[in-house]
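S.K.: sequence and predicted structure below; questions after.
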Amino acid sequence: MCWKSFHIKMENISKDHWCNWGKVIRIYNDVSSCMEELTMYFSCYYPNQVAHDFFNTIHSQYFQGCLSEEDMFPDAPSDVVLTLTLIPVSLIPIMVFLVVWKNKALD
């Protein structure tokens, strides 16, 4: 029931627009609401494993080729992260030493 409605609506959209969230959000919301209503009709809790599997099927068939914003920005190399972390951390003891030394010089 939910699958057929979703499938028909998605087929009416060009495949080029399947990754355009603005074009599919209403259809996706409709299928989500449909699944929620079905589970309540059958006195099941929502979400459940069947609903989870259903949405995994939808994602693998329609949205597998879509890139998320997270995919567009890869993680920085670990040596860069380590360097940028160690520099400020190593400056802390130096700054503490300078503050203590300056305070002793004032006394």
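M.R.: Looks like it came in fine.
S.K.: dump stretch 7-21 to PDB, restricted to CA.
M.R.: Extracted in PDB, the C-alpha atoms of stretch 7-21 (Å, rounded to 0.1, in the frame of the first residue of the first chain):
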ATOM      1  CA  HIS A   7       6.800   4.100  -6.200                       C
ATOM      2  CA  ILE A   8       4.100   5.700  -8.500                       C
ATOM      3  CA  LYS A   9       4.900   9.200  -7.200                       C
ATOM      4  CA  MET A  10       8.600   8.700  -7.500                       C
ATOM      5  CA  GLU A  11       8.300   7.400 -11.100                       C
ATOM      6  CA  ASN A  12       6.400  10.600 -11.900                       C
ATOM      7  CA  ILE A  13       9.600  12.500 -11.000                       C
ATOM      8  CA  SER A  14      12.600  12.500 -13.300                       C
ATOM      9  CA  LYS A  15      15.400  10.300 -11.900                       C
ATOM     10  CA  ASP A  16      17.600  13.500 -12.100                       C
ATOM     11  CA  HIS A  17      15.400  15.000  -9.300                       C
ATOM     12  CA  TRP A  18      15.400  12.000  -6.900                       C
ATOM     13  CA  CYS A  19      18.300  13.600  -5.000                       C
ATOM     14  CA  ASN A  20      16.700  17.000  -4.900                       C
ATOM     15  CA  TRP A  21      15.200  17.000  -1.400                       C
END
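S.K.: in that stretch, which residues are buried?
M.R.: Met10, Trp18 (16 or more other Cβ atoms under 10 Å). Quick note: C-beta positions are derived from backbone N, CA and C, even for glycine.
S.K.: how far is that stretch from where the chain is centred?
M.R.: How far stretch 7-21 lies from its chain's middle: 21 Å, per Cα atoms, centre = their mean, to the nearest Å.
S.K.: who touches it?
M.R.: Applying Cβ atoms under 8 Å, 6 or more residues apart in numbering, the contact partners of stretch 7-21 are Lys23, Val24, Ile27, Asp30, Tyr62, Phe63, Gly65, Cys66, Leu67.
S.K.: give me the buried subset of those residues.
M.R.: Buried among the contacts of stretch 7-21 by 16+ other Cβ under 10 Å: Val24, Ile27, Tyr62, Phe63.
S.K.: pLDDT-wise, which helix or strand of the chain ranks last?
M.R.: Lowest on mean pLDDT, DSSP states H and E among the helices and strands of the chain sits helix 69-72, with a mean of 58.
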